[in-house]
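> I would like the atomic coordinates for the input below:
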Amino acid sequence: MSGRVFPILKDYQKFSGDKEGGFVTVDCSEFDGFEGLDKARVNVPDIASLTIVPEGQYVTHRDELKSKVAPSPEQNETDEQAIDRIAARFSILDEMADAVATSKVRAMIVSGPPGIGKSYGVEKALEKQNMFQDIAGDKRKFEMVKGAMSAIGLYKKLYEHSGKGHVVCFDDCDAILYDDLALNLLKAALDTTPRRTLHWNTESRTLMAEGMPNSFEFDGGVIFITNIKFDNVKSKKLQDHLQALQSRCHYLDLTIDSMRDRMLRIRQICGAGMLSKYAMPKDVEEDLIQFIFENKHKLREISLRMVLKIADLWKMAPEKYKALAENTCMKPDRELKA
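Next up is the predicted model:
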C-alpha cells in the first residue's frame, strides 16, 4: 500500500483503546485490487506517515496505474484530435441539455471530473428555455441543486418540479448514489414507463408540515451531473445501481479522464474566449496558461475555476500574480509533507 495515492473520504482517526496508530478512510472505487469495495481503511503507524498531495499529483498517479494495466486509445491521439474529441462531447452535452429542457428527452446523466464546465452548458440551456418566465417575473421551471442531498430532500425537489416542462438538475450530489432510499427515488423519476409515480412509504413529519403527499406523479425532466465515471467503479453493489440508472436514461461520459485531457480542456476554453473579460494581452494569456501547465502538480486543483482564480490575481497585481498564485493556489511544501 506504500506509495499509493487515494482520495480521502474521512480524515485520520486514532485506534480506540491502547492500540497504537490509526487509519484513514479512502475512496478505492476506481482502483484494481479492491473489487467489490468503494471505500477502504488504510492503517498507518501515525499521522506523520501520511502525505497530502495536490489533486494534480493524484490524477497523474492514477493515469500511470491505468496505463500499465491497459493503455487507452486516447494515448495515441494528437493534441488536436483530443481537443476535437472533447469539444464534440461538450457539443453533445449542449444538445442533450436543450432536449431535456424542451421535454424531448426525459433525463440524462453527465459524468466528468470537477471544474471542467459540465454545469455551465446545462444551466445556459435551461436559462434559454426559461427566458420568458424571467421577463415576466414568473418562477423559473428549473432549478440547479448543488451539494449534499438526503432522500427526503430529493423527494421534495422532485415534487416541486413534477409538472411537465419542469427540470431539476442535481449538480455534485453524488451522495445520492450511496443512499439506497435516494437511489430508488431517482430510479423511479428516471423510469421509462409512460407514468412515473414516486412514493414515500414511511410517515414523515417533514412532508406533513409542508403539505406534501406521500405519492405523486412525476412528469418533469431530470439532469444528474456527477464526478463519478461509471465505467471505472469497482464496487459490485454500486455498479448494479449505476447500471440500473444508465438503463433508464441517456448517459454521457465527457471522456476527460487524464491530466492531459484536463490541460487540453483548459487550453480549448481559454482559446474560445474564457479570459476575454480580463482584456489581457495575448502573450500574457499564453504565459498564464503555460504557468498553469508547468505547475499542474502543485496547484490545489486542476480546473477552469483555478484558471479564473489566477486570472483574478493578474488583474489585481499583473507584475506579481505568479508569486501570489504560488502562495494562494498551491500547497506549500510543509503542507505536502505533513
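> any idea which helix is longest in the chain?
Determined from DSSP state H, the single longest helix within the chain is helix 79-101.
> give me the next element, helix or strand, following it.
Later in the chain than helix 79-101, the nearest helix or strand by DSSP states H and E is strand 107-111.
> could you tell me the angle between the longest helix of the chain and strand 107-111?
150 degrees (axes from the mean of the first three to the mean of the last three Cα atoms, to 10 degrees).
> run the chain-centre distance for helix 79-101.
16 Å (Cα atoms, centre = their mean, to the nearest Å).
> which residues does it contact?
Residues outside helix 79-101 that contact it (Cβ atoms under 8 Å, 6 or more residues apart in numbering) are 74, 77, 105-108, 110, 117-118, 121-122, 124-126, 128-129, 142, 167, 221-223, 250, 252-256, 260-261, 264-265, 267-268. Using the backbone N, CA and C atoms, a C-beta is placed for each residue, glycine as well.
> ok, of these, which come out buried?
In the contacts of helix 79-101, burial by neighbour count holds for 77, 105-108, 110, 117-118, 121-122, 125-126, 129, 142, 167, 221-223, 250, 252, 254-256, 260-261, 264-265, 267-268, counting by 16 or more other Cβ atoms under 10 Å.
> if I look at Asp174, how far off is Glu127?
Applying Cβ to Cβ, to the nearest Å, the value for Asp174 to Glu127 is 24 Å.
> let me fix that: Phe170
Taking Cβ to Cβ as the measure, Phe170 and Glu127 are separated by 17 Å.
> now swap in Gln133 and tell me
10 Å.
> domain assignment for this protein?
Following automatic domain parsing, the chain resolves into domains at 8-50, 75-253, 259-336.
> JSON lines for those, including mean pLDDT?
Below are the domains of the chain laid out as JSON lines (pLDDT from 0 to 100):
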{"stretch": "domain 8-50", "mean pLDDT": "80"}
{"stretch": "domain 75-253", "mean pLDDT": "89"}
{"stretch": "domain 259-336", "mean pLDDT": "90"}
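> once you drop chain neighbours, what's closest to the most centrally placed residue in the chain?
In the chain, the residue lying closest to the centroid (Cα atoms, centre = their mean) is Asn227, at 2.9 Å. Spatial nearest neighbour of Asn227, excluding adjacent residues (Cβ to Cβ, 6 or more residues apart in numbering): Pro114 at 5.2 Å.
> check the burial of the one you found by counting its neighbours.
Using other Cβ atoms under 10 Å, Pro114 has 16 neighbouring residues.
> which residues touch it?
172, 227, 301, 303.
> who wins for neighbours among those?
Ser303 (19 neighbours).
> for that residue, give me phi and psi.
Main-chain dihedrals, Ser303, degrees, to the nearest 10: phi -160, psi 170.
> Asp174 is in contact with Phe230, isn't it?
No - using Cβ atoms under 8 Å, Asp174 makes no contact with Phe230, being 11.5 Å away.
> residue boundaries of the strands in the stretch 201-338 of the chain?
For the stretch 201-338 of the chain, applying DSSP state E, counting those that start in this stretch gives strands covering 215-217, 221-226, 250-253.
> the last one: how far from the chain's middle?
Average the C-alpha atoms of strand 250-253, do the same for its chain, and the two points are 13 Å apart (Cα atoms, centre = their mean).
> tell me the helices and strands packed up against it.
With contacts taken as 3 or more Cβ pairs under 8 Å, 6 or more residues apart in numbering; DSSP states H and E, strand 250-253 sits against helix 79-101, strand 107-111.
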